[in-house]
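Colleague: turn this into a model:
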Amino acid sequence: MLSISEDTHSQRVHFLWLQKQLDDSLYDQNEELYRKWRKSFNKYLKLKTKDWIMKSEANYVCRICEKKFKEGVFKEHSKECLELSEWKKQLKKKTEEIDKACDTAFERKQELRVTETIAR
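Modeller: As a prediction, this is how the structure comes out:
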């Protein structure tokens, strides 16, 4: 298996060969047009190489938060993300219980006011 640096090197050699072939076939007497073309082509090749390198690196997607992580960080993140997710579920459950208790207390208060008003 090729390492990233060997893979990048082979890609660079391929791009240089490709560039040489295009240079030989497209070169004409219009030097300014040729320089513009070569500059834009080099820019394209750099972007393409960067894109290939990014894609070749192992990325994992967390199923909980859907963020991308490198292999070395992923296991630690998964544990932390799972724990955080559990905390959020517990917080949501407690919040719902508090909301229900507040609604019950408000209703009871209303009932007491009505009962007090009637008693007067």
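Colleague: please count neighbours and contacts with C-alpha atoms only from this point.
Modeller: OK.
Colleague: next one: the closest residue to residue 61 other than its chain neighbours from residue 78, what distance?
Modeller: Distances taken as CA to CA, 6 or more residues apart in numbering place residue 68 nearest to residue 61, at 4.5 Å, with adjacent residues excluded. Using CA to CA, to the nearest Å, we find residue 68 at a distance of 11 Å from residue 78.
Colleague: ditto for residue 31
Modeller: Residue 31 is 56 Å from residue 78, by CA to CA.
Colleague: also residue 37?
Modeller: Residue 37 is 47 Å from residue 78, by CA to CA.
Colleague: those two - which one has more neighbours?
Modeller: residue 78 (17 against 14; other CA atoms under 10 Å).
Colleague: I figured the more buried one hits residue 65, correct?
Modeller: No - look at residue 78 against residue 65 with CA atoms under 8 Å: they stay out of range, at 9.5 Å.
Colleague: could you look up the SS state of residue 66?
Modeller: coil (DSSP: H, G, I helix; E, B strand; the rest coil).
Colleague: for this protein, which segments count as helices?
Modeller: Secondary structure of the chain by DSSP state H: the helices cover 4-26, 31-56, 71-119.
Colleague: can you list contacts of stretch 10-29?
Modeller: 34, 45, 49 (CA atoms under 8 Å, 6 or more residues apart in numbering).
Colleague: what residues of it count as buried?
Modeller: The neighbour-count check on stretch 10-29 (16 or more other CA atoms under 10 Å) flags 11, 15, 19 as buried.
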